[in-house]
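1. coordinates for the following, if possible.
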Amino acid sequence: MLIALEFREEEPAVKVKNVGKEEGIFRLIIGVILIIVAFFISGVFRWILGLVGVVVILTAIFGY
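-> Reported below is the predicted structural model:
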């Protein structure tokens, strides 16, 4: 009887940042612009823009 063993590479314990410095700055600027534009738009779309802006800023800060 033959037993097949499967070896898998383990993921690193520390997560590496995916965002470079220039891309992080670009995301911060876009996030701030989206939040500012959200103040001048009425309705549900303003909340969507605001949330997208916050998410973009958070991903830039934490590097995802």
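2. quick one: low-confidence parts of this structure?
-> Applying pLDDT under 70 to the chain flags residues 1-19.
3. repeat that for 90
-> 1-25, 42-44, 60-64 (pLDDT under 90).
4. and the residue nearest the centre of it?
-> The chain has Thr59 as the residue nearest its centroid, 3.2 Å off, counting by Cα atoms, centre = their mean.
5. touching, that residue and Arg27? I think so.
-> Yes - at 6.4 Å, Thr59 and Arg27 qualify as touching, with contact defined as Cβ atoms under 8 Å. Using the backbone N, CA and C atoms, a C-beta is placed for each residue, glycine as well.
6. any idea how far the residue nearest to the centre of the chain is from Leu28?
-> Using Cβ to Cβ, to the nearest Å, Thr59 is found at 10 Å from Leu28.
7. which positions in the helix or strand hosting the residue nearest to the centre of the chain come out as buried?
-> Here Thr59, judged by DSSP states H and E, is contained in helix 44-62. By 16 or more other Cβ atoms under 10 Å, the buried positions in helix 44-62 come out as Leu49, Gly50, Gly53, Val56, Ile57, Thr59, Ala60.
8. let's verify the closest residue to the fifth one other than its chain neighbours: helix, strand, or coil?
-> Ranked by Cβ to Cβ, 6 or more residues apart in numbering and with sequence neighbours excluded, the top spatial neighbour of Ile57 is Gly31, at 3.6 Å. Following DSSP: H, G, I helix; E, B strand; the rest coil, the label given to Gly31 is helix.
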